[in-house]
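J.: Quick one: sequence and predicted model below, then my questions.
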Amino acid sequence: MALDLHPARDGAPPTAKPPSPKGRGARRRLARLDLKAAPYLFISPFYLVFLIFGGFPLVYTLWVSLHTWGLSSGERTFTGWDNYSYLLGDGEFWHAVVNTIGIFAVSTVPQLLLALMVAGALDRKMRGATLMRIGMVAPLITSTAAVAIVFTQLFDKDFGFVNWAIGGLGFDHIAWQESRGWSWVAISTMVDWRWTGYNALIYLAAMQAIPRDLYEAAAIDGASRLRQFWQITVPLLRPTIIFTIIVSTIGGLQLFTEPVLFGSGSANRMDGGALHQFQTITMYMYDNAFTDDRYGYGAAVAWALFLLIIVFSLVNFAFVRRTGGTK
Amino acid sequence: MTLVMRGRAGGRSRGARRGLRDATPLTYLTLIVAVILSIFPIYWMLVVATRTNDVVSSVPPPILPGGHLGENVQRLFDNEDAYFAKGLLNSFIVAGSVTVSTVFFASLAGFAFAKLRFRGRNALLLTVIATMMIPVQMGIIPLYMIMVKLGWQNHLQAVIVPFLVTGFGVFMMRQYASQAVPDELIEAARVDGCTTFGVFWRVVLPALRPAMGVLGLFTFMQTWNEFMWPLAVLNPENPTVQLSINNLATGHFNDYTLMFAGTTVAVLPLLVVFVIFGRQIIGGIMEGAVKA
């Protein structure tokens, strides 16, 4: 799904205006003013809101990050790049980076593969297609916080449904919260539960645009279904896949709600567990700024996160382009 | 947050769908498993919300809903930490105003970008798209400082005003308007003496209705679910409903039936929206309306 930036048609090409007889009065001038000013007037609310609450904060974050800045303490000292040099050597920050990327990897890869599989299954003649689709996106309409609470209970070590089921299969119970790896899996499950069906529908929409004769031709040439899927469907879906990966990257690297609520039992929930085993970068930023009154350092973390998102989006983009091959 | 809205004719004609394969039993099995997995946590939420605490932690866990929903909901609204009724009301106010405002202003700007000629139009449209790429979290610290300056922290306007219109909405309405509103219609209205706003109000707005519906649904759902920014800027005594259930999760993390009654009530308005507009939501996603 590429951004569709084709300019809209502007109607008929402009025709020469008849010379306007003078003195038709204010009415005509008003009409001309309306034509000239109305478009700017119409788009101005967006720019007003964006500049004050979106654009300005973005730039100002950089300014704040160059200070030691506390709101409760009232301290505000310019420290230049100190926050950034501290950040580079800050073990807790890098720990959070590893957590965030780990959870991102554990969630995104299976999520998109599953979504492809489900989309392939949905792209067939069947009964109850609409019902299936509705069932698939039901998770999307639940609220993230509510879901995180439900899953945290499901993953409870002693009384959780998941451990009960695992026990039933004859395995030992898993301490989902305490282990770094398992906590990532639990949080990834929440993320995937919410977004897999949604991505499947996006893939399905793209699949429906693929002309069927391509498959017929491939079938005549003796290509198996699986081969058709990998050699026709997937390459043609590449723009869509790139798109979903970038959206997942932006969302995944900012992960916040799920891990915060997953740590509901601990003293400071922004820690992401006693050993910070599932503290994400956004939690670390929030904790520094809003809990510890270190707004300057929090702002530096925010910029680091922004850079990370850009780098990751580019890397993923390049990776998918490469593996997809260019034919 | 990104969006693409393609024309309805975008290569999806019936003819192209002729050769669709039949579903095999394996297809059905895959999909039914997927649907069950999708529904189960929601179902489990209802089961727990209708039970008592000692039953929930029993082995094996209960599978069917019980009869204690009323009692749990009562405890929920009586709970002193959650401010649940207030949170619910606040959420309706916040999500409602953000939705109405976003749909209106996004339609207005979208119409301008799609159908009006003005200097710098394409460059300005690119800036709209660029704003969609900026993660909200990025500006949260200065945003909070602005709210402190304005004296808006702990007030609802802090979670309403910054979201009155989004680049996502503008771009979505622009994409839809450019293919759904015929230029002839606009010309005709102008000839009849409509001002530009008159054209928008009488001709364009009615034609945009389907896209307005989809944008409204998504905006409402997203605003209803917002968590991080309200957590930062509102206090627990004046919460949105998400903060209410968060208060419950912090203070009563062992009282599952209470918490789950809270999540059930918090999700309920969205479930209602979904039951009524499920098809439109799916249509919106498949047309390429995308939220992240």
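T.: Sure thing, it's come through.

J.: In chain B, which residue sits closest to chain A?
T.: B:G139 (3.0 Å; Cβ to the nearest Cβ). (C-beta placed from N, C-alpha, C; glycine too.)

J.: Pretty sure that residue sits against A:L62.
T.: No: in this structure, B:G139 is not within contact of A:L62 by Cβ atoms under 8 Å, at 10.6 Å.

J.: about what we covered before: could you look up the SS state of the residue of chain B closest to chain A?
T.: With DSSP: H, G, I helix; E, B strand; the rest coil as the basis, B:G139 sits in helix.

J.: okay, now it: neighbour count?
T.: By other Cβ atoms under 10 Å in any protein chain shown, the residues close to B:G139 number 24.

J.: Skip the chain neighbours and tell me the closest residue to it.
T.: A:P57 (3.0 Å; Cβ to Cβ, 6 or more residues apart in numbering or on different chains).

J.: ok, that neighbour - contacts?
T.: Contacts of A:P57 were listed using Cβ atoms under 8 Å, 6 or more residues apart in numbering or on different chains, and they are B:138-143, B:146.

J.: quick one: which of those residues is most hemmed in?
T.: Neighbour max across those (other Cβ under 10 Å) = B:I141, 28 neighbours.

J.: May I have the residues that are in contact with it?
T.: Here B:I141 is in contact with A:57, A:61, A:64, A:285, A:289, A:295, A:298-299, A:302 (Cβ under 8 Å, 6+ apart).

J.: hmm, which of the residues you listed are the buried ones?
T.: By neighbour count, with 16 or more other Cβ atoms under 10 Å in any protein chain shown, the contacts of B:I141 hold A:57, A:61, A:64, A:285, A:289, A:295, A:298-299, A:302 as buried.

J.: Mind picking the two most distant members of these?
T.: A:P57 and A:M285 (13.7 Å; Cβ to Cβ).

J.: Now do the contacts for the residue positioned nearest the centre of chain B.
T.: In chain B, the C-alpha nearest the mean C-alpha coordinate belongs to B:M221, at 2.2 Å (Cα atoms, centre = their mean). By Cβ under 8 Å, 6+ apart, the contact set of B:M221 is A:140-141, B:270, B:273.

J.: That one sits in which helix or strand?
T.: helix B:209-225 (DSSP states H and E).

J.: Centre of the chain to that helix, how far?
T.: 5 Å (Cα atoms, centre = their mean, to the nearest Å).

J.: one step back: in helices, which of the buried ones among the contacts of B:I141 appear?
T.: With helices taken from DSSP state H, the overlap with the buried ones among the contacts of B:I141 comprises A:57, A:61, A:64, A:285, A:295, A:298-299, A:302.

J.: follow-up on the earlier one: which strands and helices lie in contact with the following helix or strand past the helix holding B:M221?
T.: For helix B:209-225, the following helix or strand on the C-terminal side (DSSP H and E) is helix B:228-233. Packed against helix B:228-233 by the contact rule (3 or more Cβ pairs under 8 Å, 6 or more residues apart in numbering or on different chains; DSSP states H and E) you find helix A:281-286, helix B:140-150, helix B:157-160, helix B:241-251.

J.: for the third one, which positions count as buried?
T.: It refers to helix B:157-160. So for helix B:157-160, counting by 16+ other Cβ under 10 Å, buried means B:158-160.

J.: Which positions in the helix or strand hosting A:I187 come out as buried?
T.: A:I187 is located in helix A:180-207, with elements delineated by DSSP H and E. Residues of helix A:180-207 classed as buried: A:182-207 (neighbour count, 16+ other Cβ under 10 Å).

J.: Relative to the whole chain's centre, how far out is the helix or strand just after that helix?
T.: Using DSSP H and E, the helix or strand that follows helix A:180-207 in sequence is helix A:212-220. Put simply, helix A:212-220 sits 35 Å off its chain's centre (Cα atoms, centre = their mean).

J.: coming back round to it: which residues do A:P57 and A:M285 both contact?
T.: Contacts common to A:P57 and A:M285, judged by Cβ under 8 Å, 6+ apart, are B:140-141.

J.: Alright, calling it a day.
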